[in-house]
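S.K.: coords please:
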Amino acid sequence: EELGREHADTINSLINIGNCYQRLQEWEKAGMAYEESVRIHRKILRWRTTMAMRSEEDDKDGLVDSMEDNRVRLYRSLAGALRNWGTCYWKQRRISEAIDCLDEAVDMEGKIVTLLSGGESSTASAGGGTQDNGRQAKESMAQLLGL
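M.R.: Alright, predicted model coming up:
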């Protein structure tokens, strides 16, 4: 069965490929895998934002509600890919790009906290580790800055 480029398993596979290259200290190849996963994440987020703007009357198939259920998971995956991509840049001494990736990862974790604190019951159970992920992104940034 072909899943397609925008499927969650495809994105996770790209992240795992990046992780393998990272363990081999092949930073450029790892960065390319993370970059592709981030590109796909962003494309999905843009599409979901557009779809969420549909009125409830137009949403006879319940698509908007099912998309909302997975938003935290998507943000969390994107934050992880950005942290890993930032680490690759850091290892290549591309500090400016590393800061950009890690800063965006921190922003993604902030969006997760906002979603979860907004009382969305469908995502509340997915909240475990959100504070740890935000802390991890901030620690990566601090380490990068030598703090």
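
S.K.: pLDDT below threshold where in this protein?
M.R.: 1-3, 49-69, 119-138, 140-147 (pLDDT under 70).

S.K.: show me the helices in this protein, by range?
M.R.: 8-23, 27-52, 63-69, 71-91, 95-117, 121-124, 130-145 (DSSP state H).

S.K.: right, so the ones you listed: which one is the most enclosed?
M.R.: helix 71-91 (a mean of 22; mean count of other Cβ atoms under 10 Å). Yep, even glycine has a C-beta here, placed from its N, CA and C like the rest.

S.K.: any idea of the angle it forms with helix 8-23?
M.R.: Interaxial angle of helix 71-91 relative to helix 8-23 (axes from the mean of the first three to the mean of the last three Cα atoms, to 10 degrees): 20 degrees.

S.K.: begin at 490 from now on, thanks
M.R.: Fine by me, first position is 490 from now on; the one you just mentioned is helix 560-580.

S.K.: for helix 560-580, name the packing helices and strands.
M.R.: Contacts defined by 3 or more Cβ pairs under 8 Å, 6 or more residues apart in numbering; DSSP states H and E place helix 560-580 against helix 497-512, helix 516-541, helix 584-606, helix 619-634.

S.K.: so which of those helices is nearest Leu567?
M.R.: helix 516-541 (4.1 Å; Cβ to Cβ).

S.K.: this completes my enquiry, with thanks.
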